[in-house]
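In: I'd like to go over a predicted model; first the sequence, then the structure.
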Amino acid sequence: MTKASHAITVMSPQEGCYHDEPMRTLLAETRVDIIDERSVAVPRKLADQRAIKTYAVANVSDVTQLRDRLEALAERHCVDCVLQAMAVRQQHYKLAVFAMDSTLIQCEVIDRLAQLAGVGDTVAAITEKAMRGELDFQASFRERLGMLRGLDEAALASVANNLPMTSGVSELLTTLRGSGIKTAIVSGGFDYFAQYLQTLYGFDYIHANALDVVAGKVTGNVVGNIIDGARKKQLLETLAQDLRIDCSQVIAVGDGANDLPMLASAGLGVAFKAKPIVRAQAAYNIRWIGLDGVLYLLGAASEMSASIN
């Protein structure tokens, strides 16, 4: 009797556009056995925008090779293909930690503020390099923040009220909360905007950099410790410790190089529409569908427990 050791989840951004012949061919070529397969339920509001299928498989002799083959298939067909050990898929997660900029929202807030301060292009170029891991995060943060000096406080509300939310974020957070999973923002961005998202979505915890405002103007000064990659990892581990759970019970989602430490520390670390350096190092990648894609990587302990003789 052979039991499934891994799950492969295929996520298409459009209903009906995924056909499984390429997957069957790939698994046959790699001599991986399909134990079970099934379509995965999608939140009602997204039902006409998603097609999700999960395969329970066995006899995975080379995880790295299979993951590489799946990533190539995903690239060709513009779908997400995520390989998980069944133990990771069926873990009882208790906490989900999210980066904010370019993860929960589809922009970098500091770039939006910089546009209003008249230094948009300069700051955006630095941000891009920092998120790619090409610059020291703390030094680049200080440099960009300094360029905001003198920005009127009213700009904060203007940017907050026009934040482009990531597709699937509401459905994801509602489902996590309904499942008893605590949620947190751990961001290298600004607390003003993390608090705004907390009001909208009910995050249990937020950690972000303070944005210093004096007499109605942004000072451009750093207040307290900058939340960089190392600090993000530390905050994730502290939250887990406070909840008396193991880090294997934590989901972490992020996009930039400064998210890599916390993604590595979590039981399920998902790179979401991430920079190349992050995609290359993360075990789990979502590129084509929305943030609700994280939901489809969470399976019940009884899910796909079938076996073959």
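Out: In hand now; what should we look at?

In: show me the contacts for the nearest residue to R24 once chain neighbours are set aside.
Out: Closest residue in space to R24, ignoring its immediate chain neighbours: I34 at 7.6 Å, by CB to CB, 6 or more residues apart in numbering. Every C-beta, even on glycine, is put in place using the N, C-alpha and C of the backbone. Applying CB atoms under 8 Å, 6 or more residues apart in numbering to I34 gives the contacts R24, L27, Y55, A56, V57.

In: so the second one touches V57, yeah?
Out: In other words, L27. Yes: with contacts counted by CB atoms under 8 Å, L27 reaches V57, the gap being 6.7 Å.

In: buried ones only from the contacts of I34, please, as a ChimeraX command.
Out: In ChimeraX, this line selects whichever of the contacts of I34 come out buried by 16 or more other CB atoms under 10 Å:
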select :27,55,56,57
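
In: in helices, which of the contacts of I34 appear?
Out: Per DSSP state H, helices hold the following members of the contacts of I34: R24, L27.

In: farthest-separated two in the contacts of I34?
Out: R24 and A56 (14.0 Å; CB to CB).

In: if we can go back for a sec, name the element the residue nearest to R24 belongs to?
Out: Element membership of I34, judged by DSSP states H and E, is strand 33-39.

In: so what sits against both of L27 and V57?
Out: Jointly contacting L27 and V57 under the rule CB under 8 Å, 6+ apart are D33, I34.

In: can you give me the helices in the stretch 1-150 of the chain?
Out: 21-29, 63-77, 86-89, 109-117, 120-131, 137-146 (DSSP state H, counting those that start in this stretch).

In: alpha carbons of the third one, as CSV, please.
Out: I take that to be helix 86-89. The C-alpha trace of helix 86-89 is given here as CSV (Å, rounded to 0.1, in the frame of the first residue of the first chain):
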residue,chain,number,x,y,z
MET,A,86,1.8,16.3,2.9
ALA,A,87,2.9,17.0,6.5
VAL,A,88,3.3,20.7,5.6
ARG,A,89,0.0,20.9,3.8
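
In: buried ones in that helix?
Out: M86, V88, R89.

In: one more: the longest one?
Out: By neighbour count with 16+ other CB under 10 Å, helix 63-77 contains the buried residues L66, R67, R69, L70, E71, L73, A74, H77.

In: again, but for the fourth one
Out: Within helix 109-117, the residues that count as buried by 16+ other CB under 10 Å are V109, I110, D111, R112, L113, A114, L116, A117.

In: quick one, what contacts the residue nearest the centre of the chain?
Out: By CA atoms, centre = their mean, the chain has its centre lying nearest to V253, at 2.7 Å. Contact analysis of V253 by CB under 8 Å, 6+ apart lists A96, V97, F98, A99, T103, L263, G269, V270, F272, L291, V294.

In: model confidence for the last one, exactly?
Out: I take that to be V294. We have a pLDDT of 97 for V294.

In: begin at 21 from now on, thanks
Out: All set: I'll call the first residue 21, so the last point we hit is now V314.

In: quick one: it and G274 touch, right?
Out: No: if you go by CB under 8 Å, V314 and G274 don't touch, sitting 11.5 Å apart.

In: anything in contact with each of the two?
Out: In contact with both V314 and G274: V290, F292, using CB under 8 Å, 6+ apart.

In: so between these two, which is more surrounded?
Out: G274 (33 against 24; other CB atoms under 10 Å).

In: wouldn't that one be in contact with M282 here?
Out: Yes: applying CB under 8 Å as the test, G274 and M282 come out as touching, 6.6 Å apart.

In: hang on, the earlier thing: so which of the helices of the stretch 21-170 of the chain is nearest T186?
Out: helix 129-137 (13.4 Å).

In: please state the offset of that closest one from the chain centre?
Out: Centre-to-centre, helix 129-137 and its host chain are 23 Å apart (CA atoms, centre = their mean, to the nearest Å).

In: stretch 213-221 now?
Out: 17 Å.

In: mean confidence (pLDDT) on it, please.
Out: 98.

In: what's in contact with it?
Out: 120, 124-125, 129, 176, 179-180, 183, 189-190, 193, 203, 205, 207, 223, 226-228.

In: can we see that at 7 Å?
Out: Residues outside stretch 213-221 that contact it (CB atoms under 7 Å, 6 or more residues apart in numbering): M120, L124, V129, A180, L193, I205, S207, F223, I226, A228.

In: same list, those residues, but as a markdown table with distance to D172 please.
Out: Shown next, in a markdown table, are these (distance: CB to CB, whole Å):
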| residue | distance to D172 |
| --- | --- |
| M120 | 22 |
| L124 | 25 |
| V129 | 16 |
| A180 | 14 |
| L193 | 31 |
| I205 | 25 |
| S207 | 23 |
| F223 | 27 |
| I226 | 24 |
| A228 | 21 |
